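Novice: What follows is a protein structure lacking sequence information:
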């Protein structure tokens, strides 16, 4: 589903750019565009070079900016970046802050995209921090090239801190906000494995360097470090904000802020078929949730399905035991599950199903029983025939060979049956259901919650899995 309708109301890209006009005005864009038989001008969004040219032309056309985007660095998507800046505008406007705005961009990147947009559009004063030497150099070149050095200052971060080192340097400066688009992944391996091979390829080409996409502990730990440092400098920065790429990380960070009693709000940033999330918190007297209410308008927010788990025979009645049992059931259903967090008496997981393995269990058991009975009959017939005649050595060898062939055929048949259970090969199949699971103790009871995220199995699939767990609990 295209999500452009859910962009920020003031985002100029709610109305898609006129590619035909761009092709007339910019030779570089004309060279990477093509016209179809209907006269519509398009580009190859899977080609990183085309994405780079498009972004450069939009920055020039809409903001008068001449930005160089290195070939080995991330190509910033403007609608998404603009959504973030507009949301910060909302936070500041809610408290009447319009002039002399000071902000920090953590990890500014080679384009310094947030500072240059903020300075050009709103005349905000920005400090951009960067750890990578090459990105720092390119960012400074882009700032100088566009005569924005009066508004933007860069600071090289050689430490492991997020904002602490900067605030130790800028001892007297107070800031209205900090913003950040942290790396998603904790390692190159996680980056490579992050997109399930069963999913269809993304609509847009892949861009970015390891420095921009990988950080120790991944996105979740980076944001947690920012929350910890924010406690120290809560009087120096008014609004702490960050973009989040994974929805389950947002849920974990909301749990963290709630448990600390920190006031927060959050929103969705939408562009094309991409959704990201924005999170903001403050330690000041403002009720940030009332100022700029949290927004989740893409999907109607559904209440989790809750169920009280009963005691298991001869096993402790606690969260660990119940979690282990649920994981056994999910494994038996061939549903992938990933532990997100474990704190105190609460465990959170994410589950992904590619096939409906939980429905019509009685029919499946009946078919399996029939197959076992037929197999016994065949073995009995073979045994009776063998008792009437003594096989030769050649016959024995042939029989052994046939057994191996049958065994291989059975394995292949089972694999094929598994792949085609829903009439689709899983190598090209999207997940039919994704959900959050939570097992936690409340008073003397262990409770289980399942919350729908996405998938065409819908909320009905959630109900069916919960019922399956109930039926197979003991």
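Specialist: Yep, it's here. Because the structure is a prediction, the values reported are computed rather than measured.
Novice: where along the stretch 51-200 of the chain do the strands fall?
Specialist: 102-106, 125-130, 152-156, 175-180 (DSSP state E, counting those that start in this stretch).
Novice: Tabulate these (a markdown table), appending mean pLDDT and mean neighbour count.
Specialist: Glycine gets a C-beta too; all of them are placed from N, C-alpha and C. Formatted as a markdown table, these follow (pLDDT from 0 to 100; neighbours: other CB atoms under 10 Å):
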| stretch | mean pLDDT | mean neighbour count |
| --- | --- | --- |
| strand 102-106 | 95 | 24 |
| strand 125-130 | 94 | 23 |
| strand 152-156 | 94 | 18 |
| strand 175-180 | 95 | 23 |
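Novice: Pipe those into TSV and attach distance to residue 318 per row.
Specialist: Below are the strands of the stretch 51-200 of the chain laid out as TSV (distance: least, CB to CB, whole Å):
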stretch	distance to residue 318
strand 102-106	40
strand 125-130	44
strand 152-156	49
strand 175-180	38
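Novice: between the ones you listed, which one is nearest to residue 70?
Specialist: Residue 70 lies closest to strand 125-130 among the strands of the stretch 51-200 of the chain, at 13.3 Å (CB to CB).
Novice: List of residues touching the closest one?
Specialist: 100-109, 112, 114-115, 118-119, 136, 139, 151-157, 163, 166, 170, 175 (CB atoms under 8 Å, 6 or more residues apart in numbering).
Novice: circling back: out of the strands of the stretch 51-200 of the chain, flag the one nearest residue 453.
Specialist: Nearest of the strands of the stretch 51-200 of the chain to residue 453, taken as CB to CB: strand 175-180 at 24.2 Å.
Novice: For that closest one, which strands pair with it and how are they oriented?
Specialist: Applying DSSP bridges to the sheet, strand 175-180 is found paired with strand 102-106 (parallel), strand 237-244 (parallel).
Novice: Residues touching that strand, excluding its own?
Specialist: Outside strand 175-180, the residues within contact range by CB under 8 Å, 6+ apart are 84, 88, 91-92, 97, 101-107, 114, 127, 162-163, 226, 236-243.
Novice: Now do the same contact list for residue 289.
Specialist: Going by CB under 8 Å, 6+ apart, residue 289 touches 263-265.
Novice: What residues sit buried inside the host helix or strand of it?
Specialist: Taking DSSP states H and E as the definition, one finds residue 289 inside helix 288-291. Neighbour-count burial for helix 288-291, counted by 16 or more other CB atoms under 10 Å, picks out 288, 291.
Novice: From here on, call the first residue 86.
Specialist: Renumbered: residue one is now 86, and that last one reads helix 373-376.
Novice: pLDDT of it, averaged?
Specialist: Throughout helix 373-376, pLDDT has a mean value of 89.
Novice: Could you dump the strands paired with strand 260-265 into TSV and include distance to residue 409?
Specialist: Shown next, in TSV, are those (distance: least, CB to CB, whole Å):
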stretch	distance to residue 409
strand 187-191	39
strand 322-329	30
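Novice: Compare these and give me the one nearest residue 335.
Specialist: Among those, strand 322-329 comes nearest to residue 335, with 4.9 Å by CB to CB.
Novice: Return the set of buried residues in the helix or strand following the closest one.
Specialist: Once the chain leaves strand 322-329, the next helix or strand it forms, by DSSP H and E, is helix 332-345. By 16+ other CB under 10 Å, the buried positions in helix 332-345 come out as 332-342.
Novice: Just name the lowest-scoring one in those, pLDDT-wise.
Specialist: Ranked by pLDDT, the buried residues of helix 332-345 bottom out at residue 333 (79).
Novice: contacting residues for that residue?
Specialist: Shown in contact with residue 333 (CB under 8 Å, 6+ apart): 425, 433, 435, 521.
Novice: Among the strands paired with strand 260-265, which comes closest to residue 113?
Specialist: Taking CB to CB, strand 187-191 is the member of those nearest to residue 113, at 27.2 Å.
Novice: quick one: the closest one to strand 210-215, angle?
Specialist: Angle of strand 187-191 versus strand 210-215, following axes from the mean of the first three to the mean of the last three CA atoms, to 10 degrees, is 10 degrees.
Novice: show me where pLDDT drops low in this structure?
Specialist: 86-88, 269-302, 381-387, 445-454, 466-515 (pLDDT under 70).
Novice: Kindly report the domain assignment for it.
Specialist: According to automatic domain parsing, the chain comprises the domains 161-376, 390-442+513-556.
Novice: okay if I get these as JSON lines plus distance to residue 95?
Specialist: Shown next, in JSON lines, are those (distance: least, CB to CB, whole Å):
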{"stretch": "domain 161-376", "distance to residue 95": "5"}
{"stretch": "domain 390-442+513-556", "distance to residue 95": "28"}
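Novice: among the ones you listed, which is nearest residue 93?
Specialist: With respect to residue 93, and counting by CB to CB, the nearest of those is domain 161-376 at 4.3 Å.
Novice: Just the buried ones from the contacts of strand 260-265, in PyMOL syntax?
Specialist: The PyMOL selection below is limited to those of these classed as buried (16+ other CB under 10 Å):
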select buried, resi 169+173+176+177+186+187+188+189+190+191+192+199+212+247+248+311+321+322+323+324+325+326+327+328
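Novice: Find the nearest non-adjacent residue to residue 542, please.
Specialist: For residue 542, ignoring the flanking residues on the chain, the nearest one in space by CB to CB, 6 or more residues apart in numbering is residue 518 at 4.0 Å.
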